[in-house]
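Peer 1: Here's my sequence, what's the structure:
(2 chains)
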Amino acid sequence: MTVDASQNGELVFRIGLVGPSRVGKTSLITALLRDSQRLLQGTPVSLRPVGTATEKRIAQHRRELDGSLLAGEFTPGALRGTEEPFTFQLLLDSGVRGTGIRLELLDYPGGWLDPATRPHDRDADWQSCERFLQQCSMLLVPVDAAVLMEPTSAAQLRAVPSILTTPEVGEVVRTWLKERNWRPDEPALLMLCPVKCESYFDDNGGRRDESEELLSRVRRVYADVIEAVPAEAPHVRVVYAPVDTIGCVEILHAEWTPDPREPSGMAFAAHYGVRWPGRQAVKGADDVLVALCKHLVAARQQVESDIADNRRATADKAREYAERDEGFVRNIWYHLSGERARRTHTALVSSHRAGEADARVSALADVVADLARRDAGGRVRQW
Amino acid sequence: MSTGTAAPAPGTAPAPPADDDVEARLDFILDERRRLLPGVRAEVTRWQTVDEQLAGLAAAVEALRTHATTPAELGEALAFPFAEAREGVAEAVRLLRVLETRFARDTVTIGVSGQARVGKSTLLQSVSGLGDEQIPTGKALPVTAVRSRIFHSPDLRRATLRLHSFETFVADVVAPYHAELDIPGLPASPDEFRRWSYPAPESAEQTGSGPDRPSWVAMLNRLRAMQASFPTYEHDLTGGERVVALEELRGWVAYPTHDEEQAGLVARRYLAVRDVRIDCPFPHARVRRLGIVDLPGLGEFAARAEQHHLGGLQNEVDAVLMVKRPVEGMAYWGDADARGLDLVDSARGFVAQRDFVFLLLNTGDTSSGLVRALRDHIRGQVNSGAPDRFFRVLEADAADPADVYARVLSPVLAHLVERMPAMDADTFAGTRAELRATAQQIEVLADDVGRVLSSVAQSSGSVAEDLDLRARRLRQDLSGALVALVTELRAQARAVGEDEDYTDAVERAYTGARDWITGGLGVGEQAWRDEALRTMTVDRNSSRFAGDELNRVRVEISSCFEEIDVYFAARVRALWERIAAILATHTGTLLDEVAGEEALRRFAEQLAQASEPCPRLRRAVEQLLTVRLDYRSQLHPRVRAELDGLTLQERDPVTGEQRNRVVVEITSDGAEQLYAFVVQMAEQAAYLTKKALLLREGVTPALVLHAAAEQLEDTMIRSGDSEREFKRLARSYRDEIWPGVFGEIDAANARVAAVARARDALVAALGKEIA
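Peer 2: Predicted coordinates:
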């Protein structure tokens, strides 16, 4: 993941997304979109899906979710390893064309990391994924909280890493960490995001608080991932942010059934009921957005710090440096300082609208800075 | 028995009379003897007791020796010569009886012995003054058939017959002939004897069935004569005594004469007479307490004649006059005389030879040459050439009362006056020496028995020690088995989540609950919805119905999970069965025919009712029996919170106020909606309950069972009272816990103890020597 300019002149912020299929990545992104509306209310800034593929997927998910909520219950499909890469495209939109921040979240099959399990005809795709991974400074790991929390027997507990594809996730993270280690001057963020957490917190309509147990289990199951950070790339920040992706559901019962087709030999299915009256109440997605904004701001501060340290003579020289696209930090500074927008739009818009555009660009920067200043929610842990 | 002296102890007896007063001196001697009699009799009793104890010891040793469980080695060690010892005791008693008889006599008694036809009866007539009617004499055949005891009595003239009963007649008279003639069996009644078929001497000779000796025929003839004449004396076989006039005596004591024999049927009343006592005044008696015993003739031809002779000599006389008559052709000391003297001599017991036997040469009705010849021959043959060297030889005319008195009675009485104290002392001393030897023999035997007993005791140890050892082992064995069980249960308890049986039980209960929920909450979905609509319509709201239903669902789910109790009960029962089996394995038959809970209850009762109660062990078992695993009391409180969600009201997270979880319209759709809500709530509550039951630590039955078993093991084995109470248990129920072991040990010990007791009794009896 990295940041660069899109064709529209938008800043592109790439985020790696690692986890099994149906873990709730779409849910998480949908939740991000939903919660951003609340967060960005009253600002000219919005977050929205862009691109047909992402829009379709989000729309499909929303329809299914609305149907389920209406029916009063839903049962997510069984988790499975991601088989095809998919890139979610979101735009943190200032309303001025070419001035937004495009968030690209690449979901790619963990199995591709291993040449032995990677299909031969997908080498090109893999190289593409690899490049993406090298460029992104933020890695998001959605975790199915129910898989962690519902086992009641040793056999079920033993099946958890396999169902969550924890080994594959660990491989991706370690590879990413190695890459981050080459860029020690760039802020990097690893986010562990348990999703479908409604049954384990009592801060969003739930009756029971099992948040500590959830945290404990995440730490236990993802111990390899967490412990790899100080070893591989000590400067990477690890943030734990559980998310209620729907908010008004609770597990009614869960089933662990023997399934020889599954690597773990066991299939897990949770059945959710909708908490009356069935109004969605996403919780924790804001923490992901805030963390993202903090990350962006940290990058900017890093640039400013570098500038100060290097006693650079002029902004022009800096701009040249940035335009060489040597890295996310320079780009983010360049972008958030408004310099790029001004340069891009000066020739395109009439002078009477130039002021409005500037204001919008400036507002985006302010919103990001504002969000970054927010305290993390009570569920969040940082290591 | 003190046999140091026959004389009375100084100061307790009167002074002896003057030497020349023979009668007084004899009286004194006889009185002194009587004084010793109680001691002798006590000694007889003691030796009879010794014999009884010896017999008892022999029987006890035999019982031990021959018992199947007695080791062969011990059996061999117990082979003691009891028969020999008892013979010794019998001899001791016999000797004491002789002594008793001797000391019991109230007369000085002189026996008259000798071959037939030497003038014994004549001598007796001379001494007693009686005639042929009382003491028959004859010229040819032997005439004296009954032993007579004749006592000097200045005032009496009578004969007292001691008569046979038929039984004593058979035993004393017939039996010896049967024995001699090898005739099996004895007549049991007079009639049998009358009709007894004795072989004819002729037929025996013809068939050669009789022994090849003439005496056999003679003996048979005698017996046949006794049988033939049985009617003549049968009526006299009355037993008891009969006093008859001296004038009638001959018919009772004399053999039939030759003429009578020839005449055919003869009376043989003498066969009915055991013996006769004659009291009459002796014409020349200078002593009152004098008796003469006529011993049937030596060499007389009758069964056991010599034994009878000897018996009389041993028991009844103080001295013997052996009469020898030097008639023509018999004026020498022949073999028959030598054998007769030997026989008489053998009866003297511990008395010196010279003191006991006097040889009397009957000089009457013979020539002086023959007398001299015999006198010389006797001196040479009997006294080794020196006069009176071994035996004093007297000479007198037996038919001359004055001569008999002067030359026989007077010197013999003088001798006895002189020598009787010494003779008594010799008898006493000899008897004592014999008793001492016998006592020593028995003491050695008792010591030997004691040594063997001591080795038995050392090798086997006591029952108490053995029981203690067994109690210790029982405790160790139970400890081992219980520790193994506790270890196994601990492993199960620590494998939390791996208690598959428990998981299955919980899953079954959960499935039951879900089936109830999804099957329409016990009434069917449509019925429920109809009822909901009806109730809501009446109430004009949904709250009451929803609230009531949630309460009902909560109770029902709880009930479903109580099904776990079936599993719990099985687990507890299984634990009880395991522990009961362990107890039963190590306690013999104590818990036979019971198992599990029943066995534990019985064990607790046994511990309580033991002859030595074991309260600590009993409590341990009772505590185990109180172990309960049940959902309601142990699990439900822990999962109660999961069912709390099954209420209609909840707290609004924003306002903090109570609000209804659900409010539906009072319509069919509302009822459907409410049904879905209740089912969902119920499903979730059931699921959460199941999850809590499976996940919460500290509630698995394995932990409870492990704790219960550990508590039992701790209390039974490790408590301070444990060792003591195991000993009590062992003592109280040893025969049940180790069946047969102690019964046999006890029996074996009892056998050994019986030997020890018998030995102690024997030693005690031996030790009570009477002074």
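Peer 1: Residue B:157 contacts residue B:279, correct?
Peer 2: Yes. If you go by C-beta atoms under 8 Å, residue B:157 and residue B:279 touch, sitting 7.1 Å apart. For glycine as for every other residue, the C-beta is placed from the backbone atoms N, C-alpha and C.
Peer 1: These two - which one has more neighbours?
Peer 2: A direct count of neighbours by other C-beta atoms under 10 Å in any protein chain shown for residue B:157 and residue B:279 places residue B:279 higher, at 20 against 15.
Peer 1: So that one belongs to a strand, correct?
Peer 2: Yes. Under DSSP: H, G, I helix; E, B strand; the rest coil, residue B:279 sits within a strand.
Peer 1: Now do the contacts for it.
Peer 2: Contacts for residue B:279 (C-beta atoms under 8 Å, 6 or more residues apart in numbering or on different chains) come out as B:150, B:151, B:153, B:156, B:157, B:158, B:159, B:160.
Peer 1: Check the gap between the residue of the stretch 51-200 of chain A found nearest chain B and residue B:502 for me.
Peer 2: Among residues of the stretch 51-200 of chain A, the one nearest chain B by C-beta to the nearest C-beta turns out to be residue A:152. It sits 3.8 Å away. Relative to residue B:502, residue A:152 is positioned 11 Å away (C-beta to C-beta, to the nearest Å).
Peer 1: The two: which is more packed in?
Peer 2: Set residue A:152 next to residue B:502 and count neighbours by other C-beta under 10 Å: residue B:502 wins out with 22 against 19.
Peer 1: Now do the SS call for the more buried one.
Peer 2: Classification of residue B:502 by three-state DSSP places it in helix.
Peer 1: you'd agree it is up against residue B:704?
Peer 2: No. In terms of C-beta under 8 Å, residue B:502 does not count as a neighbour of residue B:704; the distance is 10.7 Å.
Peer 1: pull the CA atoms of stretch A:134-148 into PDB?
Peer 2: Extracted in PDB, the C-alpha atoms of stretch A:134-148 (Å, rounded to 0.1, in the frame of the first residue of the first chain):
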ATOM      1  CA  GLN A 134       4.900  -3.600  -0.400                       C
ATOM      2  CA  GLN A 135       3.300  -0.200  -0.900                       C
ATOM      3  CA  CYS A 136       0.600  -0.200   1.800                       C
ATOM      4  CA  SER A 137       1.600   1.100   5.200                       C
ATOM      5  CA  MET A 138      -1.600  -0.200   6.800                       C
ATOM      6  CA  LEU A 139      -2.800  -3.800   7.200                       C
ATOM      7  CA  LEU A 140      -6.300  -4.600   8.300                       C
ATOM      8  CA  VAL A 141      -7.000  -8.000   9.800                       C
ATOM      9  CA  PRO A 142     -10.700  -8.700  10.300                       C
ATOM     10  CA  VAL A 143     -11.400 -11.500  12.700                       C
ATOM     11  CA  ASP A 144     -14.600 -13.400  13.200                       C
ATOM     12  CA  ALA A 145     -15.300 -12.900  16.900                       C
ATOM     13  CA  ALA A 146     -17.800 -15.700  17.000                       C
ATOM     14  CA  VAL A 147     -15.300 -18.300  15.800                       C
ATOM     15  CA  LEU A 148     -13.000 -17.200  18.600                       C
END
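Peer 1: now it: mean pLDDT?
Peer 2: Average pLDDT, stretch A:134-148: 91.
Peer 1: cool, and stretch B:603-614?
Peer 2: The pLDDT scores in stretch B:603-614 average 93.
Peer 1: any idea how far it is from the chain center?
Peer 2: Centre-to-centre, stretch B:603-614 and its host chain are 36 Å apart (C-alpha atoms, centre = their mean, to the nearest Å).
Peer 1: which other residues reach it?
Peer 2: By C-beta under 8 Å, 6+ apart, the surrounding residues in contact with stretch B:603-614 are B:580, B:583, B:587, B:590-591, B:615, B:617-618, B:621-622, B:625, B:725-726, B:728-729, B:731-733.
Peer 1: for residue 291, helix, strand, or coil?
Peer 2: With no chain named, the answer covers chain A. Three-state assignment for residue A:291 (three-state DSSP): helix.
Peer 1: Sorry, I should have been clearer: chain B.
Peer 2: Three-state assignment for residue B:291 (three-state DSSP): strand.
Peer 1: distance of it from chain A?
Peer 2: Going from residue B:291 to chain A by C-beta to the nearest C-beta, to the nearest Å gives 119 Å.
Peer 1: ok, now which ones touch the residue in the stretch 501-650 of chain B that chain A sits nearest to?
Peer 2: Using C-beta to the nearest C-beta, the single residue of the stretch 501-650 of chain B nearest to chain A is residue B:645, 5.5 Å away. For residue B:645, the contacting residues are A:207, B:681, B:684, B:685, B:688, by C-beta under 8 Å, 6+ apart.
Peer 1: May I have the phi/psi pair for the closest residue to the fourth one other than its chain neighbours?
Peer 2: Yep, that's residue B:685 we're talking about. Take residue B:685 and drop its neighbours on the chain: the residue closest to it by C-beta to C-beta, 6 or more residues apart in numbering or on different chains is residue B:646, 4.9 Å away. Torsion angles at residue B:646 (phi, psi; degrees, to the nearest 10) stand at phi -80, psi 50.
Peer 1: From the structure, what's the count of residues near residue B:646?
Peer 2: Neighbours around residue B:646, by other C-beta under 10 Å: 24.
Peer 1: now whichever strand or helix holds residue B:342, how far from the centre of its chain.
Peer 2: Secondary structure assigned from DSSP states H and E places residue B:342 in helix B:335-346. Here helix B:335-346 is found 47 Å from its chain centre; the criterion is C-alpha atoms, centre = their mean.
Peer 1: How about stretch B:189-197?
Peer 2: Relative to the centre of its chain, stretch B:189-197 is centred 42 Å away, using C-alpha atoms, centre = their mean.
Peer 1: which residues of chain A fall in strands?
Peer 2: Using DSSP state E, the strands of chain A run over A:3-5, A:11-17, A:46-49, A:73-74, A:86-93, A:101-107, A:138-144, A:188-195, A:236-240, A:249-258, A:266-274, A:381-382.
Peer 1: okay, those in TSV with mean neighbour count and distance to chain B next?
Peer 2: Shown next, in TSV, are these (neighbours: other C-beta atoms under 10 Å in any protein chain shown; distance: least, C-beta to the nearest C-beta, whole Å):
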stretch	mean neighbour count	distance to chain B
strand A:3-5	20	39
strand A:11-17	25	31
strand A:46-49	18	26
strand A:73-74	18	7
strand A:86-93	21	30
strand A:101-107	24	31
strand A:138-144	26	17
strand A:188-195	25	18
strand A:236-240	22	22
strand A:249-258	19	4
strand A:266-274	21	4
strand A:381-382	13	22
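Peer 1: which of those strands has the lowest average pLDDT?
Peer 2: Note on those: strand A:3-5 shows the lowest mean pLDDT, a mean of 48.
Peer 1: For residue 154, the count of nearby residues, please.
Peer 2: No chain in the question, so chain A it is. Residues lying near residue A:154 (other C-beta under 10 Å) number 14.
Peer 1: My question was about chain B, not that one.
Peer 2: Around residue B:154 there are 10 other residues, counting by other C-beta under 10 Å.
Peer 1: Equivalent analysis for the one 10 residues further on, please.
Peer 2: With neighbours defined by other C-beta under 10 Å, the count for residue B:164 comes to 22.
Peer 1: Is it in contact with residue B:275, as I believe?
Peer 2: No. If you go by C-beta under 8 Å, residue B:164 and residue B:275 don't touch, sitting 10.1 Å apart.
Peer 1: quick one, what contacts residue 268?
Peer 2: Just going to use chain A. Counting by C-beta under 8 Å, 6+ apart, residue A:268 touches A:78, A:79, A:146, A:147, A:150, A:156, A:159, A:163, A:254, A:255, A:256.
Peer 1: meant chain B, my bad for not saying
Peer 2: By C-beta under 8 Å, 6+ apart, the contact set of residue B:268 is B:225, B:226, B:229, B:232, B:233, B:256.
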